[in-house]
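[1] Sharing a model prediction with you, sequence too.
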Amino acid sequence: MNKSDLIGALGKKENLTERQATEAINSIFKSFADKLKKGGRIEIRGFGSFVVRDYGSYAGRNPKTGGTIQVTPKKLPFFKVGKELKERVNSGA
(Lines give C-alpha, C1' and ligand atoms only; values in the text may rest on other atoms or scores of the structure.)
Protein backbone atom coordinates (compact mmCIF):
# COMPACT_ATOMS: atom_id res chain seq x y z
CA MET A 1 0.00 0.00 0.00
CA ASN A 2 1.27 3.44 -0.87
CA LYS A 3 0.04 6.93 -0.01
CA SER A 4 -2.45 7.06 -2.93
CA ASP A 5 -3.92 3.71 -1.88
CA LEU A 6 -4.28 4.99 1.67
CA ILE A 7 -6.02 8.15 0.45
CA GLY A 8 -8.36 6.07 -1.70
CA ALA A 9 -9.19 3.68 1.14
CA LEU A 10 -9.89 6.55 3.57
CA GLY A 11 -12.07 8.34 1.03
CA LYS A 12 -14.07 5.22 0.29
CA LYS A 13 -14.51 4.15 3.92
CA GLU A 14 -15.44 7.60 5.26
CA ASN A 15 -17.26 8.83 2.13
CA LEU A 16 -14.80 11.71 1.58
CA THR A 17 -13.76 13.42 -1.63
CA GLU A 18 -10.26 12.72 -2.83
CA ARG A 19 -9.24 16.24 -1.81
CA GLN A 20 -10.61 15.83 1.73
CA ALA A 21 -8.92 12.46 2.14
CA THR A 22 -5.63 13.87 0.80
CA GLU A 23 -5.77 16.78 3.25
CA ALA A 24 -6.46 14.42 6.15
CA ILE A 25 -3.58 12.08 5.30
CA ASN A 26 -1.16 14.98 4.63
CA SER A 27 -2.15 16.54 7.96
CA ILE A 28 -1.46 13.29 9.82
CA PHE A 29 1.91 12.79 8.11
CA LYS A 30 2.91 16.41 8.77
CA SER A 31 1.99 16.05 12.44
CA PHE A 32 4.07 12.88 12.67
CA ALA A 33 7.07 14.53 11.01
CA ASP A 34 6.82 17.64 13.22
CA LYS A 35 6.69 15.52 16.38
CA LEU A 36 9.70 13.44 15.30
CA LYS A 37 11.67 16.60 14.36
CA LYS A 38 11.22 17.80 17.93
CA GLY A 39 12.59 14.51 19.24
CA GLY A 40 9.18 13.19 20.26
CA ARG A 41 7.81 9.69 20.13
CA ILE A 42 4.68 8.53 18.30
CA GLU A 43 2.83 5.50 19.62
CA ILE A 44 -0.19 4.00 17.89
CA ARG A 45 -1.59 1.27 20.13
CA GLY A 46 -1.93 -2.05 18.35
CA PHE A 47 0.24 -0.87 15.44
CA GLY A 48 3.65 0.30 16.65
CA SER A 49 5.76 3.27 17.60
CA PHE A 50 8.10 5.70 15.87
CA VAL A 51 11.16 7.23 17.54
CA VAL A 52 14.22 9.10 16.33
CA ARG A 53 17.55 7.37 16.83
CA ASP A 54 20.85 9.23 16.87
CA TYR A 55 23.72 7.69 14.94
CA GLY A 56 27.25 8.89 15.59
CA SER A 57 29.96 9.65 13.09
CA TYR A 58 31.84 6.71 11.60
CA ALA A 59 34.35 5.85 8.88
CA GLY A 60 32.65 4.47 5.78
CA ARG A 61 33.64 3.43 2.27
CA ASN A 62 32.85 5.21 -0.97
CA PRO A 63 31.56 2.35 -3.15
CA LYS A 64 32.59 4.13 -6.34
CA THR A 65 36.22 4.85 -5.45
CA GLY A 66 36.79 2.42 -2.58
CA GLY A 67 38.23 5.25 -0.51
CA THR A 68 37.47 5.87 3.15
CA ILE A 69 35.15 8.74 3.99
CA GLN A 70 33.92 10.18 7.27
CA VAL A 71 30.14 9.88 7.62
CA THR A 72 28.63 12.70 9.67
CA PRO A 73 26.35 12.06 12.65
CA LYS A 74 22.67 11.78 11.76
CA LYS A 75 19.21 11.17 13.12
CA LEU A 76 16.89 8.62 11.54
CA PRO A 77 13.31 7.61 12.27
CA PHE A 78 12.91 4.07 13.57
CA PHE A 79 9.70 2.02 13.66
CA LYS A 80 9.09 -0.67 16.24
CA VAL A 81 6.17 -2.95 15.42
CA GLY A 82 3.51 -3.40 18.11
CA LYS A 83 2.61 -6.74 19.65
CA GLU A 84 -0.93 -6.82 18.20
CA LEU A 85 0.23 -6.10 14.63
CA LYS A 86 2.98 -8.70 14.95
CA GLU A 87 0.45 -11.29 16.08
CA ARG A 88 -1.96 -10.42 13.23
CA VAL A 89 0.78 -10.78 10.63
CA ASN A 90 2.04 -14.04 12.08
CA SER A 91 -1.43 -15.59 12.38
CA GLY A 92 -1.90 -15.12 8.62
CA ALA A 93 1.27 -17.02 7.78
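    On my side now, so go ahead.

[2] my read: Glu43 touches Ser49, true?
    Yes. Between Glu43 and Ser49 there is a contact at 4.3 Å, judged by CB atoms under 8 Å. C-beta: built from backbone N, CA, C; applies to glycine.

[3] who has more neighbours, the two?
    Between Glu43 and Ser49, counted using other CB atoms under 10 Å, Ser49 has the larger neighbour count: 14 against 11.

[4] contacting residues for that one?
    Applying CB atoms under 8 Å, 6 or more residues apart in numbering, one finds that Ser49 lies in contact with Arg41, Ile42, Glu43, Phe79, Lys80, Gly82.

[5] so what pLDDT did the fifth one get?
    The predicted local distance difference test score for Lys80 is 96.

[6] ok, how many other residues are close to it?
    Residues lying near Lys80 (other CB under 10 Å) number 9.
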